[in-house]
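Student: Curious how this folds, go ahead:
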Amino acid sequence: MRYMKKIRFLALLLLLATLLTGCGGGGVSETDTPDTQKQETTKPSDSKGESDKEPAEFITMFGKDSSKDYVVISGKHNAENEVNQFASKLMQRTGHSVKPKDVSNAVVENEIVIGYAYNRAESVDTYAEIASTVYDIRFVGKKLVVSAYTSDGLVLALDYLAAYIKANDDGEYGLMSDFAYSAQNIKLDYDVPKPVTKKGYVFDGSVSNSMLQLAYKNLTTEEVTAYGKLLREKGFTEHSTNTIGSNLFASYYTDDMQVHTMFYPALKDFRIVFGKKGYLPSTTAPQFTRTNDVQLTQNLRMGLDNGMSYMLQLADGSFLIIDGGLYTADQMTALWNYVNTNKPASDAKPRITWMFTHAHNDHMQLAIEFMNNYSSRINLQMVCYNLPNTDEVVDAGAGLAPYIKKLKTALKTNYPNTVQYVYHSGQKLLLPGVEIEFMATQEGYWPLEFENENLTSNVWRMKFEDGRTLLIVGDLELTGTERLTKVYGAELESDIFQVNHHGKSGMTQNLINYVDPKICLWPTTKASFENNNSITGYQNNATLKANLKTSKWTRDDGTSGDRIHYHGDGAFIITFIPTA
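Tutor: Model prediction:
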């Protein structure tokens, strides 16, 4: 407590000194000063002694000669609107044209670099120095570098900076050369060690449970391995590791925190997802009493075009439900009748694990209604998802947000003790009679622009006791599919394939070739299955649909055969009998 009081006292002294000296002849009035009383502030360290420092000088950023005006460079972050607002404020105040430019813009000496700029050494070096919990503003040479690992932190930094750029006595706008400010981002509760490298780019992305991520480009396998060693040296316990093809995955934890790493050599991409410790699945096969062979079926779609719902009865008699489809009272009753009729006689209530590919209504609506209406009659053991923060991650998140909120409300209200598992790429979930391997999540796609909300679909593969596999892709669209095939290639081969986006879009010929399924599940009506026309607004899928329906599957051992297709208007049961 005494230490915190001392920090706050020093912070107030620093702020007072900044107000007195930070802006040269123009000064900053008290009314212009940002509210920083809740921030712990520090001034970036300087290797020079006080007597060795050069006298501060006023740096003109927007002066009488507009050809020398500072250029605003917008790096990698998720605060484009805020950067534009900052530039607008500067333009209104200075009367000079201020239009943010991308990092691809030619490098000049006079720049305000906002966010991570991979091709500006001043930005790269600053990010390598600062903690993930701070935002930072400093001059590096003539460049003014604004840095933060979170979009929230970047917004705070820009608000602070906007109040300090003022005119001197000559009417020129700028800052003193020794201007510097660094503060805790109070919205970030967890920090994580960073790789010992200056390669690549860095950004934050909020995912489920307020977790954040860092990303780096062009790391080597040796650097990724060294990062795992660094985490263990810092007190993190290794929970699990996995290799799929050349891709490396690992999960770590402490008493209150978890970290997940994902390395995709084909993309030259290394991700670190971290945050509050949540549920981590067991790495050992479950012990259970066998009641039946695993079976896959579907709740009859009853003519609903865009719904998706698949159900497995696991080897211990419990149920695993994938998505749920659109809601109708008949559909909800049919689902209840199925789980209640088929549960083991020893179970007082059906035991259910629910998994979601993404949060669209035609995948989640029925599930939420079922959870709300049958809470006293089912044992909901686990809910598995990886859902985006629609405010920060998905530009067009209006269709997702209501159902994410409704799901969280249903769980909080009716199932406070149900396990909520936020899965990450490379992790495995071991259930009676099936192993589930998560291959792609929405957090791995961001910060690329989500052209539509279907790109938040998560992908996993299920392996059954008879050796057969089922690939689930939800509504994954074209660019997500292209990344999936680039990362995994032939590793995607599966016996059963849930066709992208109800068969209307999202497939590529590469995906069909790599998966090469024997059985295709089409989450759509018979009429839609038979019609090869694509949905308006998406890529033309007609040729791909026709090809998938008419081509044969083949295997390296020379076997081949006609594909079997199940659409949503018909009942089917696939039984997985354990091999001897």
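
Student: so who does Ser309 touch?
Tutor: Applying C-beta atoms under 8 Å, 6 or more residues apart in numbering to Ser309 gives the contacts Gln298, Asn299, Arg301, Ile321, Ile322, Asp323, Gly324, Gly325, Gln331, Leu335, Leu366, Pro523. Where you see a C-beta, it was placed from the backbone N, CA and C, and this is true even at glycine.

Student: Out of the residues you listed, which one has the weakest pLDDT?
Tutor: Looking at the contacts of Ser309 by pLDDT, the weakest one is Arg301, with 59.

Student: Could I get the full set of strands for the stretch 251-400 of the chain?
Tutor: 257-264, 269-276, 294-297, 309-313, 319-323, 351-355, 379-385 (DSSP state E, counting those that start in this stretch).

Student: actually the stretch 101-250 of the chain, sorry about that
Tutor: Ranges of strands within the stretch 101-250 of the chain are 101-102, 111-114, 134-140, 143-148, 166-167, 173-176, 180-184, 212-217, 237-244, 247-253, based on DSSP E, counting those that start in this stretch.

Student: so which of these comes closest to Gly570?
Tutor: Counting by C-beta to C-beta, Gly570 lies closest to strand 237-244 out of the strands of the stretch 101-250 of the chain; the figure is 33.2 Å.

Student: Packing partners of that closest one?
Tutor: Applying 3 or more C-beta pairs under 8 Å, 6 or more residues apart in numbering; DSSP states H and E, one finds that strand 237-244 makes contact with helix 221-233, strand 247-253, strand 434-440.

Student: Could you export those as TSV, including mean neighbour count?
Tutor: What follows is those, written out as TSV (neighbours: other C-beta atoms under 10 Å):
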stretch	mean neighbour count
helix 221-233	15
strand 247-253	21
strand 434-440	21
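
Student: Same list (the ones you listed) but as JSON lines, adding distance to Leu548.
Tutor: Putting these into JSON lines (distance: least, C-beta to C-beta, whole Å) gives the following:
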{"stretch": "helix 221-233", "distance to Leu548": "35"}
{"stretch": "strand 247-253", "distance to Leu548": "26"}
{"stretch": "strand 434-440", "distance to Leu548": "20"}
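
Student: right, and these - which one's nearest Val134?
Tutor: When those are ranked by distance to Val134, counting by C-beta to C-beta, first place goes to helix 221-233 at 20.1 Å.

Student: could you say what helices and strands that closest one packs with?
Tutor: strand 237-244, strand 247-253, strand 257-264, strand 269-276.

Student: quick one: it to strand 247-253, angle?
Tutor: Angle, helix 221-233 to strand 247-253, by axes from the mean of the first three to the mean of the last three C-alpha atoms, to 10 degrees: 10 degrees.

Student: which residues touch helix 221-233?
Tutor: Taking C-beta under 8 Å, 6+ apart as the rule, helix 221-233 contacts 193, 195-197, 199, 238, 248, 250, 252, 259, 261, 263, 265, 270, 272.

Student: could you pull out the helices for this structure?
Tutor: When secondary structure is read from DSSP state H, the chain shows helices at 2-21, 80-94, 121-129, 151-162, 221-233, 329-342, 361-373, 401-414, 442-445, 478-488, 509-515, 526-530, 542-550.

Student: Out of the ones you listed, which is closest to Tyr279?
Tutor: Each of those was checked against Tyr279 via C-beta to C-beta, and the shortest separation belongs to helix 401-414, namely 12.8 Å.

Student: tell me what the closest one is packed against?
Tutor: Contacts of helix 401-414 with other secondary structure elements, assessed using 3+ C-beta pairs under 8 Å, 6+ apart, are made with helix 361-373, strand 379-385.

Student: Just name the most buried of those.
Tutor: Among those, helix 361-373 has the highest mean neighbour count (mean count of other C-beta atoms under 10 Å), at a mean of 22.

Student: Please save the CA atoms from it in CSV.
Tutor: Taking C-alpha atoms only, helix 361-373 is exported to CSV below (Å, rounded to 0.1, in the frame of the first residue of the first chain):
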residue,chain,number,x,y,z
ASN,A,361,-29.1,-17.6,-35.2
ASP,A,362,-29.4,-20.6,-37.6
HIS,A,363,-26.8,-22.3,-35.5
MET,A,364,-27.5,-21.2,-32.0
GLN,A,365,-31.1,-20.1,-31.7
LEU,A,366,-32.7,-23.4,-30.9
ALA,A,367,-29.9,-24.3,-28.4
ILE,A,368,-30.6,-21.1,-26.4
GLU,A,369,-34.3,-21.7,-26.3
PHE,A,370,-33.8,-25.4,-25.3
MET,A,371,-31.4,-24.4,-22.5
ASN,A,372,-33.9,-21.9,-21.2
ASN,A,373,-36.9,-24.2,-21.4
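
Student: Give me the angle between that helix and helix 401-414.
Tutor: 20 degrees.

Student: Against Leu212, how distant is the residue nearest the centre of the chain?
Tutor: For the chain, the residue nearest the mean C-alpha position is Glu443 (1.9 Å; C-alpha atoms, centre = their mean). From Glu443 over to Leu212 the distance is 10 Å, taken as C-beta to C-beta, to the nearest Å.

Student: on that earlier part again, mind giving me JSON lines with the helices and strands packed on helix 221-233 and columns for mean pLDDT and distance to Asp293?
Tutor: Output for those, formatted as JSON lines (pLDDT from 0 to 100; distance: least, C-beta to C-beta, whole Å):
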{"stretch": "strand 237-244", "mean pLDDT": "98", "distance to Asp293": "27"}
{"stretch": "strand 247-253", "mean pLDDT": "98", "distance to Asp293": "30"}
{"stretch": "strand 257-264", "mean pLDDT": "95", "distance to Asp293": "33"}
{"stretch": "strand 269-276", "mean pLDDT": "90", "distance to Asp293": "36"}
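
Student: so how many other residues sit close to the closest residue to Asn340 other than its chain neighbours?
Tutor: Distances taken as C-beta to C-beta, 6 or more residues apart in numbering put Pro350 closest to Asn340, at 5.9 Å, once the chain neighbours are dropped. Burial measure for Pro350: 23 neighbouring residues, criterion other C-beta atoms under 10 Å.

Student: Thought Asn337 was touching Pro350, still the case?
Tutor: No - taking contacts as C-beta atoms under 8 Å, Pro350 lies outside contact range of Asn337: 10.7 Å.

Student: Identify the residue spatially nearest to Ser309, adjacent ones excluded.
Tutor: For Ser309, the closest residue by C-beta to C-beta, 6+ apart turns out to be Gly325, at 4.0 Å.

Student: That neighbour and Gly63, how far apart?
Tutor: For Gly325, the distance to Gly63 under the criterion C-beta to C-beta works out to 63 Å.

Student: Can you pick out the residue with more neighbours from those two?
Tutor: For Gly325 versus Gly63, the count of surrounding residues by other C-beta under 10 Å is larger for Gly325: 27 against 20.

Student: Pass me the low-pLDDT residue ranges in the stretch 1-150 of the chain, would you?
Tutor: Along the stretch 1-150 of the chain, the parts satisfying pLDDT under 70 run over 1-53, 78.

Student: Now do the buried residues in stretch 125-142.
Tutor: Within stretch 125-142, the residues that qualify as buried by neighbour count (16 or more other C-beta atoms under 10 Å) are Thr126, Tyr127, Ile130, Ser132, Thr133, Val134, Tyr135, Asp136, Ile137, Arg138, Phe139.

Student: and of these, the nearest to Gly153?
Tutor: Minimum distance to Gly153 across the buried residues of stretch 125-142 is 3.7 Å, recorded for Tyr135 (C-beta to C-beta).

Student: Bridged to the closest one, which residues?
Tutor: Taking DSSP bridges as the rule, Tyr135 bridges to Ala148, Ala183.

Student: same check, this time on His565
Tutor: With DSSP bridges applied, the residues forming beta bridges to His565 are Cys520.

Student: How about Trp460, nearest residue that isn't a chain neighbour?
Tutor: If you skip the residues right next to it in sequence, Trp460 has Phe438 as its closest partner in space, 4.7 Å away by C-beta to C-beta, 6+ apart.

Student: my guess is that neighbour contacts Val422, does it?
Tutor: No - taking C-beta under 8 Å as the contact criterion, Phe438 and Val422 are not neighbours in contact, 10.5 Å apart.
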